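J.: okay, sequence plus prediction incoming.
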Amino acid sequence: MNYAIIAAGNGSRLAQEGVPQPKPLVKVQSECLIERLLRIFSQNDAENIFVICNEEMKDVADFIREKQKCYPIHLLVKSTPSSMHSLYELSLIMRKEMKSEKFILTTVDTIFSEVEFSDYVSSFATDATADSMMGLTTYIDDEKPLYVEVRSDVITGYFDTQSGCTHISAGIYGLSQKAFSVLDNCIETGQSRMRNFQRALVSEGLLLRPFVFTNVFDIDHASDIEKAEKYLAK
C-alpha cells in the first residue's frame, strides 16, 4: 500500500495555547505525530510514504529527512494555501513513483486506533469494486465537522450541516489514482479545501465506500493531546 501525509499546516492554534513544537513534532504518548504515522504505515506494508511539509518548518523537514534512513519516504517541502493543494502537489510525485493503484492519505494530526487502521487497510486493499474507501466516525469533537451521507454501503454526499447524517469524515482517505483527474479539475476550476474535493469525487461518479472508526481525534488544541492520550491508553 502507498501512503501520503499532509504535514503542511503551521499549527498556529497550538502555538497560541503554549505548545512550542510545530504540529508534526508534537508528542502523543511520547511519540511525535509524524513518526507515529510513519511507524503505523510501515507496519502496514508501506511501499512508499509521500510527505509534504511547508517551507517554514525546517525542523520538521530535517526530522523527516533523518527518518528516510528507516522508512520509504518521498519528501516535498513546499508551502500551499490548503490541504487540497498540498495533495495536488504531492500527487505530481505520486503519479511518477506509485507502482500500484491505491493509496491512503491522512493529515499529520490524525489519531486513530492502530487495530482499526490495519482492518481498514486490509478492507481497502481487497475491495476490487471501490474507487475509494473513506474513514468515517460517529465521534464528533470538531469545530467544523464534515457530515457524510451513506446509503447501501456507498457514500452519497458530504454536508457542512448534519442533514440527518450520523457520521462525519475522519480525515482518513483511501483513494485510487482515478481521484487524480478529479483533483486536477478542482485545481483548474479554483476549488480549495479537502471537503470540496470529496464532494467532487461523489459528483464525478466515483464509488466511495465507508469504513467506520470508533474514535478519531485531530490535534488542533492543547486539550486534544490529553484526549488522544487517554483514548490510546485504553
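T.: Okay, I see it.
J.: contacts and neighbour counts: CA atoms only from here.
T.: OK.
J.: name the helices or strands packed onto the strand ranked longest in the chain?
T.: Longest strand in the chain by number of residues, with DSSP state E as the criterion: strand 167-176. If contacts are counted by 3 or more CA pairs under 8 Å, 6 or more residues apart in numbering; DSSP states H and E, strand 167-176 sits against strand 102-107, strand 132-137, strand 147-151.
J.: among the ones you listed, which is nearest Phe211?
T.: Smallest distance to Phe211 across the helices and strands packed on strand 167-176 (CA to CA): 5.0 Å, for strand 132-137.
J.: note down every partner strand of the closest one and its orientation.
T.: If you go by DSSP bridges, strand 132-137 pairs up with strand 167-176 (antiparallel), strand 208-213 (parallel).
J.: what mean pLDDT does the first one have?
T.: What that stands for is strand 167-176. On average, the pLDDT along strand 167-176 is 97.
J.: again, but for the last one
T.: pLDDT averaged over strand 208-213 equals 98, rounded to a whole number.
J.: bridged to the closest residue to Pro145 other than its chain neighbours, which residues?
T.: What sits nearest to Pro145 in space, not counting adjacent residues and going by CA to CA, 6 or more residues apart in numbering, is Ile168, at 6.3 Å. Bridge pairing for Ile168 (DSSP bridges) gives the partners Thr137, Tyr147.
J.: coming back round to it: only alpha carbons, please: show the longest strand of the chain as PDB.
T.: Output of strand 167-176 as PDB, limited to C-alpha atoms (Å, rounded to 0.1, in the frame of the first residue of the first chain):
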ATOM      1  CA  HIS A 167     -21.300  10.000  10.500                       C
ATOM      2  CA  ILE A 168     -18.600  12.600   9.900                       C
ATOM      3  CA  SER A 169     -15.400  12.400   7.800                       C
ATOM      4  CA  ALA A 170     -12.500  11.100   9.900                       C
ATOM      5  CA  GLY A 171      -9.700  12.700   7.800                       C
ATOM      6  CA  ILE A 172      -8.600   9.300   6.500                       C
ATOM      7  CA  TYR A 173      -8.900   8.900   2.800                       C
ATOM      8  CA  GLY A 174      -8.400   5.700   0.800                       C
ATOM      9  CA  LEU A 175      -8.100   6.700  -2.800                       C
ATOM     10  CA  SER A 176      -7.200   5.200  -6.200                       C
END
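J.: centre-most residue in this protein?
T.: The centroid of the chain falls nearest to Thr106 when counting by CA atoms, centre = their mean (1.4 Å).
J.: against Ile34, how distant is that one?
T.: 11 Å (CA to CA, to the nearest Å).
J.: helix or strand with the lowest mean pLDDT in this protein?
T.: The weakest-scoring helix or strand in the chain, judged by mean pLDDT, DSSP states H and E, is helix 12-16 (a mean of 78).
J.: so which elements touch the helix or strand that comes right after that one?
T.: Going down the chain from helix 12-16, the next helix or strand is strand 27-28, by DSSP states H and E. In terms of contacts (3+ CA pairs under 8 Å, 6+ apart), strand 27-28 is packed against helix 222-233.
J.: state whether Gly157 is indeed within a helix.
T.: No: counting by DSSP: H, G, I helix; E, B strand; the rest coil, Gly157 falls outside a helix, being strand.
J.: neighbours of it, how many?
T.: Around Gly157 there are 18 other residues, counting by other CA atoms under 10 Å.
J.: thought it was touching Val150?
T.: Yes: using CA atoms under 8 Å, Gly157 is in contact with Val150, at 7.3 Å.
J.: the longest strand of the chain vs strand 102-107, what angle?
T.: 140 degrees (axes from the mean of the first three to the mean of the last three CA atoms, to 10 degrees).
J.: buried residues, strand 167-176. List them.
T.: Within strand 167-176, the residues scored as buried using 16 or more other CA atoms under 10 Å are His167, Ile168, Ser169, Ala170, Gly171, Ile172, Tyr173, Gly174, Leu175, Ser176.
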